[in-house]
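Q: Mind looking at a prediction? Sequence and model below.
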Amino acid sequence: MAFAINRLLAALLGAAALAAALAAPGLAAAAPAAAQRPWMDPALDPDRRATLLEHELTDDERIALVHGDMAMPILGAKIPAGAIGSAGYVPGIPRLGIPALQETDASLGVSNLLEMRRGDVATALPSTLAIAASFDPALSYAAGAMIGREAWLKGFNVLLGGGNNLIRDPRSGRNFEYYSEDPLLSGVMAGEAIRGTQDQHVVSTVKHYAFGDQETGRMQFSARIGEAAARASDLLAFEIAIERGRPGAVMCAYNRYAGVHACENEFLLQRVLKGDWGYPGWVMSDWGAVHAVAAAKAGLDQESGAQRDPKIWFGDPLAAAVRAGEVPRQRLSEMVHRILRSMFAVGLFDHPPVPAAIDYAADGTVARRAAQQGIVLLANRDGLLPLPKTVRRVAVIGGHADAGVLSGGGSSQVIPVGGVKRLVPVGGEPPFGPYMSMIFGGAAPYAAIKSRVPQASVHYINGRYPKSAADAARRADVAIVFANQWLGEEGDAPDMSLPEGQDELIAAVAAANPHTIVVLQTGGAVRMPWLARAGAVLEAWYPGQQGGEAIADVLFGEVDPGGRLPVTFPVDEAQLPRPVIAGSGLAGDAPFDLDLGEGAEVGYRGLAARGAAPRFAFGHGLSYTRFEYGGLRVEGGGGLSVSFDVRNTGARAGVDVPQLYLTRGCAGEPLRLLGWSRVELAAGETRHVTVVAEPRLLAAFDTLQHRWRHPACRVEVAVGASSVDLRLRGAAALDAATIAP
Ligand code: BGC
């Protein structure tokens, strides 16, 4: 295997010499003089280099570049020769020095599904939702860079990371791989993660374009949403991420949009992505998302994981279609050009991976920081938290907190540093059921809590029986209950409950001891029927391999809980646009419509428009200190700029995320997040912050004029600590504006 050979050669030659060897010619081929490879001149722009190289290819070579194999031993597939063993592999062309594409998942770390690379671990970050909860673009960049660097050091040059679907439903199985319900927050955070990854010379792939917002019937549903609302919601999240991050690749989704599969959807691929947004990179399919050669004409550039399709469409069938003139030869060249262009732009030719040891200790600090900044303190009655170090008796209950922290399932599954600490098979029917397991890894919260209070008596009770847990809680000064909701790819939760009797467990413990702290490890919002009795609630998401330590840091006040909710926590399913998940109960392959009737009024926006109060609002999160806002100045004209003071009025340092909302737009639009600022302030400190509104959020997309527009008008804005806690209000006059898509 190339990886093993590279390692061996690296040991013999030294890393730098191997890099040079891989960068220049193919190892097997005789090296033509540099003058014969003008595309290797890094001074040329990526388009020029791609053009020069593309001209040298034969049609067979072009076809070889536009489809790739699944490179994991699953569903009967084998790891192809030359592949490291990961999600995907596209062989290189040694004669011209084109490197193979070694593609690995995903957004939370370098994944290793089913441990296909025995013993290979990677730094496991908290879920993308947790990163979003930090509201810290710099953290998202650092996370993306950390994954990109580990991927590169393992020999990968494409990361299938950059999950950026809008979170429209708290029950969706892959929410933990996505950022938020808000297009601006999602777009900014995703864009920064992409930039971080690509700065390591690894292509980042933003996905799943578009409207792949639920797992139920993901191969069958067709998303229904009007164009203006589509442009202002899911598409805006992609648009901002792509502008900011310039990802080398975009992965089209499994589902259909307006009746047409996303990977052969001319509107999504040609008109919006490549046309309006001028996207110069390549569109790769999701694994098993291609249904016909015609996808090439609609804008798909590369078929991935081709064994999962009924045919390798972009192999012989595409070659035949090009010969027959059904797909123009020019289009095949363009497909290849786009792939090569991104490879040049991101540095795959000039900076090929040099497998080497990874500094997992250093990367672990990124995971720790991410978890600390992402944990959201939802409720804290009578200042129960932070816990004093003088606490004497602590009961830690449930959630496998004695073993490690929970992670989400599916293609993004990382095997954390330290390995799997506990694996609980979930079971289910083939093909995927047998592969599904809850994986616990990283620092165990129980040990981390114990280490903070070595003099205390700290006991762990597994929580299988509410009665035993309640008895233990009664004997303790404080009870800390861990409650889990495991979610993963290929399935949604049917409702917002905590499964396996955990609601009853929490209720029993909270009834036994009012000093009960609930630590949630969930894929998103859950119902909380026990909330009134709980002393404090922490949302830890899937907190990554340093999550146990970060939870203890927050519980004992070593850090201020830095997170704010990137999604609304509704009271229950009745507050959702679809109280029952679309397609549930339908036969496996029956097509259906996913009617996104809420349009762009997703999450907090929809609730505000209806005047409904959520359980916990978008943007909510408590600190151990207090913040006050004042001195609002709103400037309109050719844009909107808002400045104000944030003051830490408490007795300790802390983190705040003041948010700027549009409360009344030009066309009377209801609430929209226009921007935010994340500040860390010492006790008594004041910071003057300025937030400049994203102009597309002040406008509406005019489908007739094909432009974002707003007339000259007066808008109202507010600064607040959440979408319902609006504290400063102001207004400004805006000039009329038109923005090209
Ligand atoms: C997922 C993608 C993933 C791919 C390769 C698909 O099932 O939807 O997100 O990148 O598999 O593992």
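A: Good, I have the coordinates.
Q: give me the residue from the stretch 451-600 of the chain nearest the ligand.
A: Evaluated by C-beta to the nearest ligand atom, the stretch 451-600 of the chain has E489 as its residue closest to the ligand, separated by 6.1 Å. All C-beta atoms are positioned from the backbone trio N, CA, C, and that covers glycine.
Q: Does that residue touch S172 like I think?
A: No - distance between E489 and S172: 10.5 Å, which falls outside the contact criterion (C-beta atoms under 8 Å).
Q: Overlap in contacts, these two.
A: Both E489 and S172 are in contact with E215, where contact means C-beta atoms under 8 Å, 6 or more residues apart in numbering.
Q: quick one: which of these two has more around it?
A: Here E489 and S172 are compared on neighbour count by other C-beta atoms under 10 Å; more neighbours surround S172, at 25 against 19.
Q: residue contacts, the closest residue to that one other than its chain neighbours?
A: Leaving out its chain neighbours, the residue that sits closest to S172 by C-beta to C-beta, 6 or more residues apart in numbering is Q214, at 4.7 Å. Contacts here follow C-beta under 8 Å, 6+ apart; on that basis Q214 touches 168-169, 171-173, 221, 492, 581-583, 594.
Q: try A237
A: For A237, counting by C-beta under 8 Å, 6+ apart, the contacting residues are 164-166, 179, 183, 186-187, 190.
Q: would a markdown table of those with neighbour count, pLDDT and secondary structure be doable?
A: Rendered in a markdown table, the data for the contacts of A237 read as follows (neighbours: other C-beta atoms under 10 Å; pLDDT from 0 to 100; DSSP: H, G, I helix; E, B strand; the rest coil):
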| residue | neighbour count | pLDDT | secondary structure |
| --- | --- | --- | --- |
| N164 | 33 | 98 | coil |
| N165 | 25 | 98 | coil |
| L166 | 27 | 98 | coil |
| Y179 | 31 | 98 | coil |
| P183 | 29 | 98 | helix |
| S186 | 28 | 98 | helix |
| G187 | 27 | 98 | helix |
| A190 | 35 | 98 | helix |
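Q: so can I have a markdown table of those residues showing distance to T649?
A: Supplementary listing: these in a markdown table, determined by distance: C-beta to C-beta, whole Å:
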| residue | distance to T649 |
| --- | --- |
| N164 | 37 |
| N165 | 39 |
| L166 | 35 |
| Y179 | 31 |
| P183 | 33 |
| S186 | 32 |
| G187 | 33 |
| A190 | 34 |
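Q: and which of the residues you listed is nearest L236?
A: For the contacts of A237, the closest approach to L236 (C-beta to C-beta) belongs to P183, at 4.0 Å.
Q: Show me what secondary structure element comes after the host helix or strand of A718.
A: For A718, the host element (DSSP states H and E) is strand 713-720. Past strand 713-720, further along toward the C-terminus, the next helix or strand under DSSP H and E is strand 726-734.
Q: how would you label the closest residue to the ligand within the stretch 601-741 of the chain: helix, strand or coil?
A: Across the stretch 601-741 of the chain, the shortest distance to the ligand (C-beta to the nearest ligand atom) belongs to V602, at 21.3 Å. The assignment at V602 comes out as coil when based on DSSP: H, G, I helix; E, B strand; the rest coil.
Q: Tell me where the stretch 351-500 of the chain has strands.
A: In the stretch 351-500 of the chain, the strands defined using DSSP state E, counting those that start in this stretch lie at 376-380, 393-397, 405-406, 420-425, 437-441, 457-461, 478-484.
Q: now for these, which one comes closest to T205?
A: Closest to T205 of the strands of the stretch 351-500 of the chain is strand 437-441 (C-beta to C-beta; 23.3 Å).
Q: That closest one pairs with which strands, parallel or anti?
A: Sheet pairing of strand 437-441 (DSSP bridges) gives strand 405-406 (antiparallel), strand 420-425 (antiparallel).
Q: Out of these, which is the most enclosed?
A: strand 405-406 (a mean of 34; mean count of other C-beta atoms under 10 Å).
Q: Name the SS class of L44, please.
A: Taken by three-state DSSP, the conformation at L44 corresponds to coil.
Q: Next up, phi/psi of it, please.
A: Reported as degrees, to the nearest 10, the phi and psi values for L44 are phi -80, psi 160.
Q: What parts of this structure come near the ligand?
A: Taking C-beta under 6 Å from any ligand atom as the test, the list of the chain residues beside the ligand reads 87, 105-106, 160, 207, 286-287, 411.
Q: Noted, bye for now.
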